[in-house]
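Chemist: Whatever this is, show me its structure:
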Amino acid sequence: MHEVSMGGTLRDYLSGEEIDETTYEEFRQALAKLLVEELGYPKDSLKAKVDLCFEIDGEEMCRTIDLVVYDPNSLPVLLVMFCAGDVGSYEREAVCAGKLFQDGPVPYVVISDSMDAFLLDAISGETLAHGMRSVPPYEELMRMTADYVRQPLPAERRAKIERIFYTYTGFLQGTCCSESCSLPPRK
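Modeler: Here you go, the predicted structure:
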């Protein structure tokens, strides 16, 4: 399933602004609401739809990360990625995203279909927890990342991880996830 426009708008939970309604947007909204209202994440620690850009053969590619959690120093500490399908089949893609994310590597990644979730250590690739209760409350995440030291990837290793990430995300470039799949606006 690809993200496509539903032809309408909805009010964004984080910003309060009107945004395009898409097939995935309701899931992003639900995940943001869960983080804020049930797990204590400050709204201002979350940013939605942040592009993770990387380069393949001299061409820039970007993959949108659904939600990024930042610590009080404005450093990313958790990526939240929505997946449409078996959550476990997105582990490697999510770990690559954590390693490649700007101002990272990011220590943790959550992948979720809004019914199930995995918490992953983005550095080791290890699955730390499974199930919606695996998403740590904000205060716990801050404790988990308090001593985290960011070690930028060496260029050769980064290039290899970009290739792996591209195998997961590259098929979306120039496909029906572009405007060709969008529904016409409602009249």
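Chemist: Which secondary structure state does residue 99 sit in?
Modeler: Three-state assignment for residue 99 (DSSP: H, G, I helix; E, B strand; the rest coil): helix.
Chemist: wait, it sits on residue 105?
Modeler: Yes: counting by CB atoms under 8 Å, a contact exists between residue 99 and residue 105, whose distance comes to 4.7 Å. Yep, even glycine has a C-beta here, placed from its N, CA and C like the rest.
Chemist: who touches both of these two?
Modeler: Between them, residue 99 and residue 105 have 122-123, 153 as joint contacts when contacts are counted by CB atoms under 8 Å, 6 or more residues apart in numbering.
Chemist: Could you pick out the buried ones from those residues?
Modeler: Among the shared contacts of residue 99 and residue 105, those that count as buried by neighbour count (16 or more other CB atoms under 10 Å) are 122-123.
Chemist: Turn the shared contacts of residue 99 and residue 105 into CSV, including secondary structure.
Modeler: Below are those laid out as CSV (three-state DSSP):
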residue, secondary structure
122, coil
123, coil
153, coil
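Chemist: Now pLDDT and distance to residue 16 too, for the shared contacts of residue 99 and residue 105, in a markdown table please.
Modeler: What follows is the shared contacts of residue 99 and residue 105, written out as a markdown table (pLDDT from 0 to 100; distance: CB to CB, whole Å):
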| residue | pLDDT | distance to residue 16 |
| --- | --- | --- |
| 122 | 95 | 30 |
| 123 | 92 | 35 |
| 153 | 92 | 36 |
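Chemist: Tell me the one of the shared contacts of residue 99 and residue 105 nearest residue 130?
Modeler: Relative to residue 130, the closest of those is residue 122; by CB to CB it sits at 16.0 Å.
Chemist: Fine by me, thanks again.
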